[in-house]
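Novice: Task: produce atomic coordinates for the following.
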Amino acid sequence: MRMILALIVMMAACLVILPALMSDQPYQPSEMEQQQQIQPIEQPQQQAPDSSMAASWEPFLIFNRSTGEIEEIPVEQYVTGALCAEMPAAFHSEALKAQAVSAHTWALYCQQQTDNNGQAYDFSADPENWQGYVTEEQARERFGDFFDEHWGKVSAAAQAVLKEILVDEQQQPIVAAYHAISAGWTESPENVWGTSLPCLAPVDSSWDIHAQGYEQTLSFTADEVREQLQQLQSPPTLPEDPASWLQVMERSGSGYVTLIKVGDLQLTGIQLREALGLRSSDFDFSYQDGSFTFTTLGYGHGVGLSQYGADYLARQGQTYQEILAHYYPESSLIERT
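Specialist: The predicted structure follows:
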């Protein structure tokens, strides 16, 4: 199954200040993360290196979840609107360019999969609620007096890299995953979606420790944890003593929990993260006086480009090309034909 089959909910992120993804709100996966979680990514079909790109600048077919209609959105309009929805205008222009390339590449990858499997649309979005991409009119309404400044900055970044995408050695668009804040190293896609891709190999992102929201502590009563665990498709049987409910069994090389014993079941760290609304599957926990306290590092699945990391590197003088080369190893930046 392809990742683009799922209907998804994307977190709004285009704010003048640091986005809601760095607040204390419960974890909400981005559009990309939800789609790839629900339908694990598969290796792209291998084609000859000189094969042409599918869909020569065809508009993206986007299912609008508010209207129930499939909309044709021109590439430039989508890249600009997606950039506005994914990254705050306050970020450095080089980081914005890197994000624009990532969003464009990911959308093109989805479009090619649609061409292969015959689905009616490439992916879904909800621009009315700032999920997936937004229109210029919606940005004008939100930004008000600051529209010219912030939309202008986002538009300029998108336009500057509009022809550029990331490809693998077969000259095919990569699965350009991204997330808000890593836990210090990015995560292997194999630990998230069960597929290993060279372009998404873990890389150092230790500067993410400086991000607002890098570390978060949440507390739950034992009853709250039990209630959430009972919502799982196969609820665990929990022993009487809550202190023995949870036991971390395995972590990835990047620090994320990959296996945790929950009562009589074994879950992935991602499953527990989703059940409890944690910001990351890199977590520690303690139990005392009837309450669990979880401390998470990072925000999101941790695979691919760290959005905060991109902004940090840009502010240290790195170009968007250098940022993309760091977070997407074994990929190449090319111009679309």
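
Novice: When you work out contacts or count neighbours from here on, use the C-alpha atoms and nothing else.
Specialist: Will do.

Novice: Next, find the distance separating Arg273 from Phe285.
Specialist: 12 Å (C-alpha to C-alpha, to the nearest Å).

Novice: wait, I meant Asp208
Specialist: 21 Å.

Novice: Of those two, give the one with the bigger neighbour count.
Specialist: The neighbour comparison of Asp208 against Phe285 (other C-alpha atoms under 10 Å) goes to Asp208, with 26 against 15.

Novice: Mind listing residues that contact stretch 227-242?
Specialist: With contact meaning C-alpha atoms under 8 Å, 6 or more residues apart in numbering, stretch 227-242 is reached by 222, 245, 262-265, 275-276, 287, 290.

Novice: tell me which residues in that stretch are buried?
Specialist: Within stretch 227-242, the residues scored as buried using 16 or more other C-alpha atoms under 10 Å are 229, 235-236, 238, 242.

Novice: Inside helices: which ones of those?
Specialist: Counting by DSSP state H, the part of the buried residues of stretch 227-242 found in helices is Leu229.

Novice: Need the max-distance pair from the buried residues of stretch 227-242.
Specialist: Greatest spacing in these, by C-alpha to C-alpha: Pro235 and Pro242 (15.3 Å).

Novice: picking up where we left off before, turn the buried residues of stretch 227-242 into CSV, including pLDDT and distance to Gln307.
Specialist: Below are the buried residues of stretch 227-242 laid out as CSV (pLDDT from 0 to 100; distance: C-alpha to C-alpha, whole Å):
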residue, pLDDT, distance to Gln307
Leu229, 97, 31
Pro235, 95, 34
Pro236, 96, 35
Leu238, 97, 38
Pro242, 97, 37
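
Novice: For PyMOL, what selects the buried ones among the contacts of stretch 227-242?
Specialist: Of these, the buried ones go into a single PyMOL selection, burial set by 16+ other C-alpha under 10 Å:
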select buried, resi 222+245+262+263+275+276+287
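
Novice: Go through the contacts of stretch 227-242 and flag which are in helices.
Specialist: 222, 275-276.

Novice: what number of residues lie near Leu272?
Specialist: By other C-alpha under 10 Å, the residues close to Leu272 number 22.

Novice: Report the separation between Ser205 and Tyr214.
Specialist: To Tyr214, Ser205 is 12 Å away according to C-alpha to C-alpha.

Novice: Touching both of these two, which residues are there?
Specialist: 182-183.

Novice: Mind listing what's buried along the host helix or strand of Tyr308?
Specialist: Under the criterion of DSSP states H and E, Tyr308 resides in helix 307-315. By neighbour count on 16+ other C-alpha under 10 Å, the buried set for helix 307-315 is 307-314.

Novice: Dump those residues into a markdown table; add pLDDT as well.
Specialist: As requested, the buried residues of helix 307-315 are arranged in a markdown table below (pLDDT from 0 to 100):
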| residue | pLDDT |
| --- | --- |
| Gln307 | 97 |
| Tyr308 | 97 |
| Gly309 | 98 |
| Ala310 | 98 |
| Asp311 | 97 |
| Tyr312 | 98 |
| Leu313 | 98 |
| Ala314 | 98 |
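
Novice: Just the closest of the residues you listed to Thr195, please.
Specialist: Nearest to Thr195 out of the buried residues of helix 307-315 is Gln307 (C-alpha to C-alpha; 22.0 Å).

Novice: Any buried residues in stretch 140-147, and which?
Specialist: Those would be 143, 147, for stretch 140-147 by 16+ other C-alpha under 10 Å.

Novice: contacts for that stretch?
Specialist: Contacts for stretch 140-147 (C-alpha under 8 Å, 6+ apart): 139, 150-151.
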